[in-house]
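Colleague: sequence first, then the predicted structure:
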Amino acid sequence: MSDTLYDFGMIGLGVMGSNFLLNMADHGYKVIGFDLDAAKAKKLEDEATSGTTVKGVVTLEEMVTQLDKPRRIMMLVPAGKPVDNVIENLLPFIEKDDVIIDGGNSHYVDTLKRVNYLNEKGIHFMGMGVSGGEKGARLGPSIMPGGDLAAWQRVKPMLEAVSAKVGGEPCVAYMGKGAAGHYVKMVHNGIEYAIMQLISEAYDMLKRGIGLNNDELAKVFTEWNKNELESFLIEITSEIFLKDDEDAQTRLVDVVSDKAGSKGTGKWTSQDAMELPVSVPVIDVAVAMRTLSAYKDERLAAAQLYHPKTKDLKGGKQTDIEKIKDALYFATIICYAQGLSMLYKASTELNMEIPLGDVVKIWRGGCIIRSALLEDFYKAFKKDKTLSNILLSKHTAKLLKKKEKHLRAVIKLAVQSKIPVSGLMSALGYFDAYCSATMPTNLIQAQRDYFGAHTYQRIDKEGIFHTEWHEEVVQADKKHAETENPQPDSK
Ligand code: 6PG
């Protein structure tokens, strides 16, 4: 065993774990990684930049004993049981004051339990979101740590060094108390699901509605990425259309199955939004559409039964492309608005104290949902730290007002053409409801009180009310009938 003491240890040398560690080594830190798979431990060393200090080992003990104390250990393993197993396996070797970081996509409720469990043993446990995929992990991810402040202080310089940078500013910041790091990452993924759903709908409109081929689609998305829609997801979409497939002698995207997978973070966002509660319908729809996509046999049977014939959009090609772009832009803002309003609510409801300005600041680079729009939101939060929904910012309102007409037009075209655009529709539905000074929910309250005596409040006086709706209606009807047809005097 060498005398070197390492600065940072990683458990789990899959692509994310090894790339994150190599990134750290590139920034001058001495790093050591553990994986049961000897091939992965060796690969880590093989891929290290020359001149950096990187070691791969196959037992936890080897890793822990070679770390400088108090230790800094991160795990990047699948969420759920594997995280608990790692913790239990680590416990015999670690000591008070060591910092353990879970950098995977763990559910925040599990993270909270682990924080408390390890806190009792004097171990600092931190849940931390890492976004950016394999490339991001290697070259600069967006990092969302939360919880233990002492742990954050101990790893802050390292995380700042390895994170993505925007205008020289690191894309990492303290996301709040408890399990805030994983909570913010969960909502990031919910927004990711929603934007991906919208992009797929725009693709459908452009492909089936307008008839663009893959080369044309690539051009359109490349153009979009040069302007206000500029984002990582639009950028990778433009590249996807150009990838050939040798086996099928066609573009790869055309032979990819339409059954979408998911690992659960989008579903958690929807579930937790309902728990809070806060309204995030575009995220809900995105989860539902991935689920529906997997019901391939039923969809095939329904297609046979109903023969939906997609009609051409029939507008001018260029005008329609422009409208679809604006619709996507508008609806994308709504996705961010819903996710951020969820963080606003969670911040107080779950006592996390999430700094929303810092959230949008660190999402501007490195992560999957990075986009030019986040710069606008960053400015909005700089102006007003307490913004409960970015739709209430005057600047956002200006952006939306310019595009609203086109979102309505695109939805109309999609309906006429039988192209499903549930995400776009949901975004508009949310916007219209959010901007309604009055909603028709007075009727729902009346119905609830009618059949279940659930009571209601009034707009003209204080208090809680209940009405015997049926009886009063019968009485009123009787009275009405009497005034309309007065009974003849019996005298
Ligand atoms: C990221 C991604 C990453 C992962 C998602 C994919 O920020 O880097 O969000 O965490 O790609 O978990 O999730 P699904 O498999 O559920 O689509």
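Modeller: Thanks, I have the structure now.
Colleague: can you list the residues of the stretch 201-350 of the chain near the ligand?
Modeller: Contact residues (CB under 6 Å from any ligand atom) of the stretch 201-350 of the chain with the ligand: 261-263, 265-266. In short, each C-beta sits where N, CA and C put it, glycine included.
Colleague: can you tell me which of the residues you listed is nearest residue 93?
Modeller: residue 263 (29.6 Å; CB to CB).
Colleague: and the closest one, how many neighbours does it have?
Modeller: Residues near residue 263, counting by other CB atoms under 10 Å, number 11.
Colleague: not counting sequence-adjacent ones, nearest residue to it?
Modeller: residue 105 (6.8 Å; CB to CB, 6 or more residues apart in numbering).
Colleague: of the residues of the stretch 201-350 of the chain next to the ligand, which pair is most distant in space?
Modeller: 261 and 265 (12.1 Å).
Colleague: mind checking which of those two has more residues around it?
Modeller: Between residue 261 and residue 265, counted using other CB under 10 Å, residue 265 has the larger neighbour count: 22 against 8.
Colleague: isn't that one up against residue 108?
Modeller: No - applying CB atoms under 8 Å, one finds residue 265 not in contact with residue 108, separated by 10.5 Å.
Colleague: shared neighbours of those two, which are they?
Modeller: residue 186 (CB atoms under 8 Å, 6 or more residues apart in numbering).
Colleague: check the spatially closest residue to residue 269 that is not a sequence neighbour and give its pLDDT.
Modeller: Nearest residue to residue 269, sequence neighbours excluded (CB to CB, 6+ apart): residue 190, at 2.9 Å. Here the pLDDT value assigned to residue 190 is 98.
Colleague: enumerate every residue touching residue 190.
Modeller: Here residue 190 is in contact with 265-266, 268-270, 273, 280, 283, 286, 339, 342 (criterion: CB under 8 Å, 6+ apart).
Colleague: hey, which helix or strand in the chain has the poorest pLDDT?
Modeller: helix 469-484 (a mean of 80; mean pLDDT, DSSP states H and E).
Colleague: just the CA trace of that one, in PDB.
Modeller: Presented in PDB, the C-alpha positions along helix 469-484 are these (Å, rounded to 0.1, in the frame of the first residue of the first chain):
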ATOM      1  CA  TRP A 469     -79.500  22.500  -1.400                       C
ATOM      2  CA  HIS A 470     -82.200  20.100  -2.500                       C
ATOM      3  CA  GLU A 471     -84.800  21.200   0.000                       C
ATOM      4  CA  GLU A 472     -84.200  24.900  -0.700                       C
ATOM      5  CA  VAL A 473     -84.400  24.300  -4.400                       C
ATOM      6  CA  VAL A 474     -87.700  22.400  -3.900                       C
ATOM      7  CA  GLN A 475     -89.100  25.200  -1.700                       C
ATOM      8  CA  ALA A 476     -87.900  27.800  -4.200                       C
ATOM      9  CA  ASP A 477     -89.500  25.900  -7.100                       C
ATOM     10  CA  LYS A 478     -92.800  25.700  -5.200                       C
ATOM     11  CA  LYS A 479     -92.700  29.400  -4.400                       C
ATOM     12  CA  HIS A 480     -91.900  30.200  -8.000                       C
ATOM     13  CA  ALA A 481     -94.800  28.000  -9.300                       C
ATOM     14  CA  GLU A 482     -97.100  29.700  -6.800                       C
ATOM     15  CA  THR A 483     -96.200  33.200  -8.000                       C
ATOM     16  CA  GLU A 484     -96.500  32.200 -11.600                       C
END
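Colleague: the residue of the chain found nearest the ligand - nearest residue in space that isn't next to it in sequence?
Modeller: Taking CB to the nearest ligand atom, the ligand has its nearest neighbour within the chain at residue 131, 3.0 Å off. Leaving out its chain neighbours, the residue that sits closest to residue 131 by CB to CB, 6+ apart is residue 367, at 3.6 Å.
Colleague: and residue 114, by the same measure?
Modeller: Nearest to residue 114 is residue 125, by CB to CB, 6+ apart, at 5.5 Å.
Colleague: hmm, the one you found is touching residue 98, no?
Modeller: No - the criterion here is CB under 8 Å, and residue 125 misses it with residue 98 at 9.6 Å.
Colleague: per-residue confidence for residue 338?
Modeller: At residue 338, pLDDT is 98.
Colleague: might one say that it is in contact with residue 195?
Modeller: No - counting by CB under 8 Å, residue 338 does not reach residue 195; the two are 11.0 Å apart.
Colleague: can you pull out the strands in the chain?
Modeller: Here the chain has its strands, by DSSP state E, at 8-11, 31-34, 54-57, 72-75, 99-102, 124-131, 142-145, 165-166, 169-170, 244-245, 250-251.
Colleague: hmm, who's touching the second one?
Modeller: Strand 31-34 is contacted by residues 6-13, 17-18, 21-22, 24-25, 41, 44, 53-60, 62-63, 66-67 when judged by CB under 8 Å, 6+ apart.
Colleague: quick one: low-confidence parts of the stretch 251-400 of the chain?
Modeller: Where the stretch 251-400 of the chain drops to pLDDT under 70, the residues are 313-315.
Colleague: residue 375 - nearest residue in space that isn't next to it in sequence?
Modeller: Residue 375 sits nearest to residue 364 (CB to CB, 6+ apart), 6.2 Å away.
Colleague: for the one you found, grab phi and psi.
Modeller: Backbone geometry at residue 364, expressed as degrees, to the nearest 10, gives phi -70, psi -20.
Colleague: and the protein, split by domain according to the record?
Modeller: Under the assignment automatic domain parsing, the domains of the chain span 8-174, 185-434, 441-482.
Colleague: partners of the residue of the chain closest to the ligand in the sheet?
Modeller: When bridges are called by DSSP bridges, residue 131 pairs up with residue 142.
Colleague: list the residues that contact it.
Modeller: Residues in contact with residue 131 (CB under 8 Å, 6+ apart) are 141-144, 185, 188, 366-369.
Colleague: farthest-apart pair in those, please.
Modeller: The largest separation in these, counting by CB to CB, is between 143 and 369 at 14.2 Å.
Colleague: ok, and for stretch 220-236, which residues are buried?
Modeller: Judged by neighbour count (16 or more other CB atoms under 10 Å), stretch 220-236 contains these buried residues: 220-222, 224-225, 228-229, 231-235.
Colleague: inside helices: which ones of the residues you listed?
Modeller: Applying DSSP state H to those, the entries found in helices are 220-222, 224, 232-235.
Colleague: count the neighbours of residue 104 for me.
Modeller: Around residue 104 there are 26 residues (other CB under 10 Å).
Colleague: 24 is where my numbering starts, stick with that
Modeller: In the new count, where the first residue is 24, that last one comes out as residue 127.
Colleague: tell me which parts of the stretch 74-223 of the chain are close to the ligand?
Modeller: 128, 154-156, 212, 215.
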